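In: Following is a predicted model, sequence given first.
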Amino acid sequence: TQIDNPLGFLLNPKSVAVVGASNGVGKVGYSVMNNIVQSGYSGRVFPINPKSPEVFGFPAFKSVVDVPEDVELVVVCVPARFVVGTMKQCAEKKVRGVVIITAGFK
């Protein structure tokens, strides 16, 4: 359980938001969503995509702060230029853990 493991929010989160979630095959956000769905993950899934009303059959949200529930883990799959703004949203939402999958930092 999460009480037994101080990293439970990261290794076995109750909820995951995927920033950059996509229905587009070949995109990182597609691969992350596909892996979550195919793994049989039983927690809450919140795709974040300001241009799509739904991703993988889940209602999509425009930003992390728009999710109406608590989010334990955010997986960030957007270009580097959007990461700082996303991290500010995560701080505002009081997200416990973040995994960043991106390139382009210099």
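Out: Arrived safely, thanks for sending.
In: all contacts plus neighbour counts: C-alpha atoms, from now on.
Out: OK.
In: beta partners for the residue nearest to the spatial centre of the chain?
Out: Closest residue to the average C-alpha location of the chain: Val18 at 2.1 Å, with Cα atoms, centre = their mean. Val18 forms beta bridges with Pro47, Val75, as assigned by DSSP bridges.
In: So it sits against Val71, correct?
Out: No: between Val18 and Val71 there is no contact, the gap being 10.3 Å when judged by Cα atoms under 8 Å.
In: Would you state the helices of the chain in chain order?
Out: Residue ranges of the helices in the chain, as given by DSSP state H, are 8-11, 28-38, 83-93.
In: so how far is Asp4 from the residue nearest to the centre of the chain?
Out: Taking Cα to Cα, to the nearest Å as the measure, Val18 falls 26 Å from Asp4.
In: and if you look at Pro68?
Out: As judged by Cα to Cα, Pro68 and Asp4 stand 27 Å apart.
In: what stretches of this structure score poorly on pLDDT?
Out: Within the chain, the stretches with pLDDT under 70 are 1-3.
In: follow-up on the earlier one: compare the helices of the chain and give me the one nearest Cys77.
Out: Smallest distance to Cys77 across the helices of the chain (Cα to Cα): 5.6 Å, for helix 28-38.
In: buried ones in that closest one?
Out: Burial within helix 28-38, assessed by neighbour count using 16 or more other Cα atoms under 10 Å, is assigned to Val28, Gly29, Tyr30, Ser31, Val32, Met33, Asn34, Ile36.
In: go on, stretch 49-60?
Out: With the criterion 16+ other Cα under 10 Å, stretch 49-60 contains buried residues Asn49, Glu54, Val55, Ala60.
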